[in-house]
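missing the sequence, but the structure's below:
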């Protein structure tokens, strides 16, 4: 494939793909059709399974521009063999909404997304909406707030289609064809035909019935899921909306008719948003629980218009739904109520429609999920190929023996092929999922539900867990500990209460009363828990003006606050006093931004003309925005003292605004012009207690050699304090803070290293750390230390210190002030060094990692609003148990296939075979019973440091299977040799019965050997408590007893008992030896004196253990300098003490 013919679509995104063009070739189509007929349709099946082969077999290569068929290969897909086939529709008579002159557009549809050909870039691209225009905030107000006329709306609908998220429910016939054409069922069909030709009618019928039940169950489940998803999406997908046509003209329309650029009017009684739209006028209270999982209402304000402000021209920025989400109403979210002024409407410009919306992207992720890459399932196919290879050897042996015995050709073909069908057991899919099903049931009992059961196995491989702090490690609620006001650049003494009469008129309390995002819903205060605690601490009253009140009093404030009468001086409560002089109206609100780490409001005290601005946020951020003379000199020391004790600290500031700032100017001013030259007011100290279970859970994880990392939006020192309190950082461990600064004034980016505090005095000698779990004795120990950094430093290190980043995350334990997208980057970095990462969080900030390869919060959800950190222990234990169960069951099924294959070959050698009912009894009554019994073992009561293997194709596992195969061969030979050959009256049926009992004893022995308990599962004998198990066992034993037809000599019975006992002891002894010494024996046999770690983080640990300059020394600086080659974007690290 020539590189110049390849196009990259969705470059840099998760769904990046390579696109190549093809044209249909008639002679190739005819040739493929003839070959397909000659092979009985098998070629068509192969081409159906392999789309890439299908395209190359029926088409010729051409340029993408002239192609009829597009072949797309995912560049980031975990399974590169999966290819997507899209058809190009040539010369569609429509035009781009950006270029009316272009009347010919080519496109194809993939995963409910249209890709249009763009001549300017010579590639296909996706049109999402108004964001494609890279509009500024001011241009949205000036060019798009007037709405579209009918012609413009119809014009854009050609490209964006109807505004609907159409989840098409496939017909049962389509689902049936797709399910039946699965390679496993095709093989089963071939096997059934072969068995019928060999007169195994009952066995074939039983397999057909099992397959039909399996297919029917699968079809019912898939159809039900499609219907549920369709009904859920369709519930509020079509509503009537009011569309603004300009000049105060509106019309009613269906939401399906909306296109990007339309202006809709949000009704005052609320609605469910049918699209993504940006507010250009008014304020909305929105419940975004559909997207974020948090039911706390969010206040959405209108998009700032810098162009209207004379001084705000420099604040004009490109609009982005992510950057301006506080002004964007997302599809599917519920607008509870709106706020507006008399005579004005709450208007929003439609930005995205259909599957391009936030809700549409969520539905697309459900309909077209990323494939899960798990080594177990990839290795399972390789293991099956190994079994087929073994069966091929037996096949050749049987073929040769039957040819030598001069048997009929039909018998030779049928009997030999029968060996191949034995290799893939019919019950393999059910056997592989049994352990996961039982684990899922056990998790359900403790309140954990999984929407992706296959990920339970992945939990068994996790070796690092990222925890959010607030609400996960600590309690959900914050308690008000006290306040510490500042005046004239000096701190007052800390005060316990803020609702004192003497503080009512202070700016500090006024800031607490106004700087929040609280609102009233049905008469109840609702909003962020921190804001609620802060507002409740002062005891003030929040009042929201209605439309009638605004019209009568002509107030410009939609919300105002006032103190209760009991906090006012006695003289004020007299009727002569104007009570409104104590009321403060909120004129403008700049919502909290996790990127800025602050929020602010513009307020006006009733009766005054000048306005005030109040600011609340992270202390270090607020202090940087204040006048230096107003910030106390001991600010850093006081803040450090509180944060080291684990308190959450919020800083407040105030500014008296200029009198020339009118209401309309304030509505359009940029927040940067408000949030500057502030007067520092003081600190609010909030107490966030650890959950009682947190230290114990983290200690269990530490003993199990599972790393724990804290990723939080809180202050760094607070996070470090909590990490020490919960045991994430031991008292004697060093904490090194990486403070990174970006390039400035020609200076390169640099990192300053300093220690947060000294190690505990309990230990005079440096503590040693075992850097590798798997090879503890072989790796050099080093001092135990932890890196801590905030979000700004993490961003600088990610951009300028790529080579250093992986070293830092190897020992990074505290990541503070992290934005949601930075959490995603952190997890991706940890995965890049081969960690298996899990994320445990309770809020929307932790949802940024939901699309990663391994994530607990996307697969598991809690039944209540409180997350129990102890659920992580259940997930780890059950994950390990389910993983080991999968290994045990697969190994048993492999040995079962080999044993049956060898037994049938042995019977062939004496001209015999198992009967129809014998095959049926072995597969249905014995094997299924054993498999389900092996899967019943619950998880071990505690986590251990040893980890389960990650794949089937590994030295110890293969060694285990091979040794058991050899043992089976040896004892099958003993069985055959010990049989009484002088029994002249022994019939073929008697010989078959003897062989059946021999085979069943082998199955039971292998099941006992492979059904392992400690350290990951409970012992198998505890399964006897299961009542269904006892009933099934009793039934099977009864059948086994009733099948004892053959009378054999007592001496042979005793010899058989001896052989069975010897077989069991040897198998158990060898398996235990393989578990204990298998790895060392393989290393010795392969002449590997020193184990080379496979994981990247182990390599790094080895390298750093011998690096004399690591970790960095205290108070040293590391600079990043560009290399001598200008085209090389890497950096050289230079340490400066």
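Great, that's in hand. Just so it is clear, the model here is predicted, and its values are computed rather than measured. Residues are numbered from 1 along each chain as shown.

What are the boundaries of the strands in the stretch 651-800 of the chain?
Ranges of strands in the stretch 651-800 of the chain, per DSSP state E, counting those that start in this stretch, are 679-687, 707-711, 734-741, 750-755, 768-769, 782-783, 785-790.

actually the stretch 1001-1137 of the chain, not the one I typed
Using DSSP E, counting those that start in this stretch, strands in the stretch 1001-1137 of the chain cover 1116-1122, 1131-1136.

Would you single out the least confident of these?
Mean pLDDT is lowest for strand 1131-1136 out of those, coming in at a mean of 46.

Show me which helix runs longest in this structure.
Longest helix in the chain, counting residues (DSSP state H): helix 871-909.

For residue 73, which three-state class applies?
strand (DSSP: H, G, I helix; E, B strand; the rest coil).

Need the strands of the stretch 651-800 of the chain in JSON lines (columns: distance to residue 915, mean pLDDT and mean neighbour count).
All C-beta spots, glycine's among them, are computed from the backbone N, C-alpha and C. Compiled in JSON lines, the strands of the stretch 651-800 of the chain are given as follows (distance: least, Cβ to Cβ, whole Å; pLDDT from 0 to 100; neighbours: other Cβ atoms under 10 Å):
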{"stretch": "strand 679-687", "distance to residue 915": "76", "mean pLDDT": "89", "mean neighbour count": "23"}
{"stretch": "strand 707-711", "distance to residue 915": "57", "mean pLDDT": "90", "mean neighbour count": "23"}
{"stretch": "strand 734-741", "distance to residue 915": "72", "mean pLDDT": "88", "mean neighbour count": "20"}
{"stretch": "strand 750-755", "distance to residue 915": "76", "mean pLDDT": "86", "mean neighbour count": "18"}
{"stretch": "strand 768-769", "distance to residue 915": "63", "mean pLDDT": "35", "mean neighbour count": "12"}
{"stretch": "strand 782-783", "distance to residue 915": "66", "mean pLDDT": "51", "mean neighbour count": "16"}
{"stretch": "strand 785-790", "distance to residue 915": "67", "mean pLDDT": "89", "mean neighbour count": "23"}
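
Any chance of JSON lines for the ones you listed, columns distance to residue 130?
JSON lines is the format used below for the strands of the stretch 651-800 of the chain (distance: least, Cβ to Cβ, whole Å):
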{"stretch": "strand 679-687", "distance to residue 130": "40"}
{"stretch": "strand 707-711", "distance to residue 130": "33"}
{"stretch": "strand 734-741", "distance to residue 130": "36"}
{"stretch": "strand 750-755", "distance to residue 130": "40"}
{"stretch": "strand 768-769", "distance to residue 130": "53"}
{"stretch": "strand 782-783", "distance to residue 130": "54"}
{"stretch": "strand 785-790", "distance to residue 130": "34"}
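
Which of these sits closest to residue 841?
For the strands of the stretch 651-800 of the chain, proximity to residue 841 was assessed by Cβ to Cβ; strand 707-711 is nearest, at 8.1 Å.

Can you spell out which helices and strands pack onto that closest one?
strand 464-467, helix 694-703, helix 716-726, strand 812-816, helix 820-832 (3 or more Cβ pairs under 8 Å, 6 or more residues apart in numbering; DSSP states H and E).

Mind doing that once more with 10 Å?
In terms of contacts (3 or more Cβ pairs under 10 Å, 6 or more residues apart in numbering; DSSP states H and E), strand 707-711 is packed against strand 464-467, helix 694-703, helix 716-726, helix 802-811, strand 812-816, helix 820-832, strand 837-840.

for these, which one sits closest to residue 114?
Between residue 114 and those, the shortest gap by Cβ to Cβ is with helix 820-832, which sits at 27.1 Å.

of the helices and strands packed on strand 707-711, which approaches residue 893 most closely?
strand 837-840 (29.3 Å).

Adjacent strands (with direction) for the closest one?
If you go by DSSP bridges, strand 837-840 pairs up with strand 464-467 (parallel).

Would you map the strands across the stretch 351-500 of the chain?
Under DSSP E, counting those that start in this stretch, the stretch 351-500 of the chain gives strands at 448-450, 464-467, 479-487, 490-491.

deepest of the ones you listed, which one?
The highest mean neighbour count among these, using mean count of other Cβ atoms under 10 Å, belongs to strand 464-467: a mean of 24.

Pull the residues that contact that one.
Taking contacts as Cβ atoms under 10 Å, 6 or more residues apart in numbering, the residues outside strand 464-467 that touch it are 473, 694, 697-698, 701, 706-712, 723, 726, 728, 809, 815, 818, 823, 826-827, 830-831, 833, 835-841, 846, 849, 854, 856, 869, 872, 875-876, 1097.

Now do the same for stretch 41-54: mean pLDDT, whole number.
The average pLDDT within stretch 41-54 is 87.

chain center to that stretch: distance?
From the chain centre to the centre of stretch 41-54 is a distance of 33 Å (Cα atoms, centre = their mean, to the nearest Å).

just stretch 886-899 next, same as before
Relative to its parent chain, stretch 886-899 has a centroid offset of 32 Å by Cα atoms, centre = their mean.

Buried residues of that stretch, list them for me.
Going by neighbour count (16 or more other Cβ atoms under 10 Å), the buried part of stretch 886-899 is 886-899.

Equivalent analysis for stretch 203-214, please.
For stretch 203-214, a neighbour-count test (16+ other Cβ under 10 Å) marks 203-204, 206-208, 210-211, 214 as buried.

Take the residues you listed and write them to JSON lines, including secondary structure, distance to residue 508 and pLDDT.
Converted to JSON lines, the buried residues of stretch 203-214 look like this (DSSP: H, G, I helix; E, B strand; the rest coil; distance: Cβ to Cβ, whole Å; pLDDT from 0 to 100):
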{"residue": "203", "secondary structure": "helix", "distance to residue 508": "84", "pLDDT": "83"}
{"residue": "204", "secondary structure": "helix", "distance to residue 508": "84", "pLDDT": "85"}
{"residue": "206", "secondary structure": "helix", "distance to residue 508": "80", "pLDDT": "84"}
{"residue": "207", "secondary structure": "helix", "distance to residue 508": "78", "pLDDT": "83"}
{"residue": "208", "secondary structure": "helix", "distance to residue 508": "79", "pLDDT": "87"}
{"residue": "210", "secondary structure": "helix", "distance to residue 508": "74", "pLDDT": "82"}
{"residue": "211", "secondary structure": "helix", "distance to residue 508": "74", "pLDDT": "83"}
{"residue": "214", "secondary structure": "helix", "distance to residue 508": "69", "pLDDT": "80"}
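
Just give me the neighbour total for residue 143.
Summarising burial for residue 143: neighbours were counted as other Cβ atoms under 10 Å, giving 14.

Not counting sequence-adjacent ones, nearest residue to it?
Nearest non-adjacent residue to residue 143, counting by Cβ to Cβ, 6 or more residues apart in numbering: residue 135, 7.7 Å away.

Isn't the one you found up against residue 319?
Yes: look at residue 135 against residue 319 with Cβ atoms under 10 Å: they come within range, at 5.2 Å.
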